[in-house]
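Trainee: Okay, sequence plus prediction incoming.
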Amino acid sequence: MQILERKKLGQVLCEKSWLDDNRLGLALEQQEKDGGKLGQILLDLGYITTSQLYEALSIQAGIEKAKLEDISIPKEILDLVPSELVSKYNLLPIAKGNGKLEVAMANPFQVKAIEDLRIVTGCPIKRYYGNSKDLEQAILKFYGSNVARMLENLAPKESKLSAAADDEELSPTKLHELARQPSLVNLVNLILLEAIGSKASDVHIEPFEHQVSIKYRVDGMLVQKSPSPKRLQAAIVSRIKIMANMDIAERFVPQDGHIEFVGDKGKVDIRVSTVPTIYGESITMRILDRSNALIGLEELGMSSGTLGGFEKCLTKTHGIVLVTGPTGSGKSTTLYAALNHIFTPGKKIITIEDPVEYQLEGIIQMPVNPRRGLTFARGLRHILRQDPDIVMVGEIRDKETAEIAIRAALTGHLVFSTLHTNDAAGAVTRLIDMGIEPFLLASSLEGVLAQRLIRTVCSFCKTRYTPDAHLLASLNNSITLEPDGEYYYGTGCNECSNSGMKGRTGIYELLRVTDSLRKMISARPTTEDIVRAAPPDHISMRHDGITKILNGITTPEEVLRVTQSIEE
């Protein structure tokens, strides 16, 4: 009987093209010099990934790879392994044969996992290797998300968490005790990690009569997650309030706090807001992920014409440039991109914001503090004494701030700010309605950029389709959408959580203030007058959205959803 020689780990990795001979040689030299396992050395050097190592070791050991795509697993097999073990060891029971339980594992060499499985199920275990990404998708399909699994593990257990049916009866000491339980700490951390991993902008924890709703806002849309049992409410809320340095005993007035959370990719700032409701405190957490925020001006999704016009506004030596749109339309991201674009060590740039969302290199940033009397208006007055070249005001909310900003623009400063208006032309009439003298506005205003964020079609499941003809007709603007044109949508896949949409881009309308417009602004025009007098190359947000439909970036339904209120 011939005994097959076992392949060496380096040989397997090279055969799979995950490693080349040169890097293998360097790793072997280090092993000979310092000792240790070759696999760990290759990981430490960054030559291979953990998944590649486990797959190579599985091939070396003769462990088969599980085929997890479109797998069907009977309920009685899933019921054998509790979700707690699935989460803990990243594994999945897939079948039962010859008295053995067949299990796909991200790490088939985890002895403790195999022993725990054997004790819990009472079956001998047959190991299979499962790619960690494929395993995560399969576990999500059959067991639900990590948060759902943890809630399932916590919910049925009788513990201190169920000590009181009504959180109103709990003392501050008791709330502290509940919030420090390891299970609750892990649950809240997991909720935040899952939200950050989903690229959510917000987490909403909403109390109702019989349960606590957990929702993530992803690409501007709320996504419902597995709800929490009502009796975990007091502990979850208390844990979040402790993390945000809030008063845990105060449950009847709104509170604001801040969490600096360490995610997989570094620090993430989280703004926390609580409000009292009839069923307890509702919490919203705004996730400010620094790694996602600071993008270049050219990456925002502006057309070449809009980008060129906006860049001209940025090169002015003085004047005011406004970015408008509702909350969550990406105004701050655009302003940060603009400031980064024009920053040089030879320019002094100062901002006043509420709050400072992202820290910019080389730029002085001031947070407003109304409790101590530091409002936008007062802060802006003091900023002007600091001899800045460029000033950014987070938002113009009142006449006083608007007047100071415009006078700063007239006295040799370039001023950026945001305003909540429906479109670009509306910014002019809004400022005049605030009480700004039209002739001052006409002299200082250089440009207004209005914007919205639209979801983009998932590139992994992008498919051509024929939209409803009435929908296309209702979108027709300065560009006509023909029914026989090329249109795309997402069918839904694991990459986009079956939504068909993944990521967002902007649609923009830039109103550049020409000499003819300045004369018109001085005469207190209506919004319609301003639109009619706009330069010939002026395009609306809907026009920009239609261009993105024709380029296959988004869908007609998405552009209609976002621009309907603007056109009305």
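Mentor: Nice, thanks for sending it over.
Trainee: Return the distance of stretch 390-400 from the chain's centre.
Mentor: In terms of CA atoms, centre = their mean, to the nearest Å, the centre of stretch 390-400 is found 26 Å from the chain centre.
Trainee: pLDDT score assigned to Val562?
Mentor: Val562 carries a pLDDT value of 92.
Trainee: For the remainder of this discussion, apply numbering that starts at 647.
Mentor: With 647 as the first residue, the last one maps to Val1208.
Trainee: Spit out the contact partners of it.
Mentor: By CB atoms under 8 Å, 6 or more residues apart in numbering, the contact set of Val1208 is 1098-1100, 1153, 1191. Every C-beta, even on glycine, is put in place using the N, C-alpha and C of the backbone.
Trainee: again, but for His1059
Mentor: Shown in contact with His1059 (CB under 8 Å, 6+ apart): 964, 1030, 1034-1037.
Trainee: Tell me which residues of stretch 1020-1028 come out buried.
Mentor: Neighbour-count burial for stretch 1020-1028 flags 1020-1026 (criterion: 16 or more other CB atoms under 10 Å).
Trainee: before we move on, what about stretch 1197-1207?
Mentor: The neighbour-count check on stretch 1197-1207 (16+ other CB under 10 Å) flags 1198-1206 as buried.
Trainee: Look up phi and psi at the residue lying closest to Lys958 once chain neighbours are set aside.
Mentor: Leaving aside its sequence neighbours, Lys958 sits nearest to Arg1158 (CB to CB, 6 or more residues apart in numbering; 7.5 Å). Backbone torsions for Arg1158, taken as degrees, to the nearest 10, come to phi -90, psi 130.
Trainee: now Arg1158: how far from Asp1183?
Mentor: Distance, Arg1158 to Asp1183, by CB to CB, to the nearest Å: 9 Å.
Trainee: Span of stretch 728-744 from start to end?
Mentor: 22 Å (CA to CA, to the nearest Å).
Trainee: which outside residues touch it?
Mentor: By CB under 8 Å, 6+ apart, the residues outside stretch 728-744 that reach it are 712, 714, 717, 719, 723-724, 726-727, 747-753, 756, 759, 762-763, 766-767, 769, 772, 774, 776, 778, 781-782, 784-785, 788-790, 792, 795-796, 798-799.
Trainee: same thing but 7 Å
Mentor: Identification of contacts with stretch 728-744 by CB atoms under 7 Å, 6 or more residues apart in numbering yields 712, 717, 719, 723-724, 726-727, 747-752, 756, 759, 762-763, 766, 774, 776, 778, 781, 784-785, 789, 792, 795-796, 798-799.
Trainee: Just the buried residues from the residues you listed, in ChimeraX please.
Mentor: To isolate the buried members of the contacts of stretch 728-744 in ChimeraX, using 16+ other CB under 10 Å:
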select :712,719,723,724,727,747,748,749,750,751,752,756,759,762,763,774,776,781,784,785,789,792,795,796,798
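Trainee: Neighbour-wise, give me the winner out of the contacts of His1059.
Mentor: Among those, the one with the most neighbours (other CB atoms under 10 Å) is Val1037, at 24 neighbours.
Trainee: outside of stretch 1194-1201, which residues touch it?
Mentor: Identification of contacts with stretch 1194-1201 by CB under 7 Å, 6+ apart yields 1100-1103, 1127, 1131-1135, 1151, 1153, 1202, 1205.
Trainee: For Gly1008, give me its contacts.
Mentor: Gly1008 sits next to 989, 991 when contact means CB under 7 Å, 6+ apart.
Trainee: pLDDT, secondary structure and distance to Ala1055 for the contacts of stretch 1194-1201 - can I get that in TSV?
Mentor: Shown next, in TSV, are the contacts of stretch 1194-1201 (pLDDT from 0 to 100; DSSP: H, G, I helix; E, B strand; the rest coil; distance: CB to CB, whole Å):
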residue	pLDDT	secondary structure	distance to Ala1055
Ile1100	95	strand	31
Arg1101	95	strand	35
Thr1102	96	strand	35
Val1103	96	strand	40
Leu1127	85	coil	40
Gly1131	87	coil	44
Glu1132	91	coil	45
Tyr1133	93	strand	43
Tyr1134	94	strand	43
Tyr1135	93	strand	44
Thr1151	94	strand	30
Ile1153	96	strand	27
Pro1202	93	helix	40
Val1205	94	helix	34
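Trainee: Among those, which one lies nearest to His987?
Mentor: Thr1151 (17.9 Å; CB to CB).
Trainee: Now do the SS call for the residue lying closest to that closest one once chain neighbours are set aside.
Mentor: Nearest non-adjacent residue to Thr1151, counting by CB to CB, 6+ apart: Gly947, 3.5 Å away. Under the three-state scheme (DSSP: H, G, I helix; E, B strand; the rest coil), Gly947 adopts coil.
Trainee: State the distance from Gly947 to Val869.
Mentor: Distance from Gly947 to Val869, counting by CB to CB: 23 Å.
Trainee: Which one of those two is surrounded by more residues?
Mentor: Taking other CB under 10 Å, Gly947 and Val869 do not tie; Gly947 has more neighbours (21 against 15).
Trainee: these two touch, right, that one and Met1187?
Mentor: No - at 11.6 Å, Gly947 and Met1187 do not qualify as touching, with contact defined as CB atoms under 7 Å.
Trainee: Thank you, goodbye.
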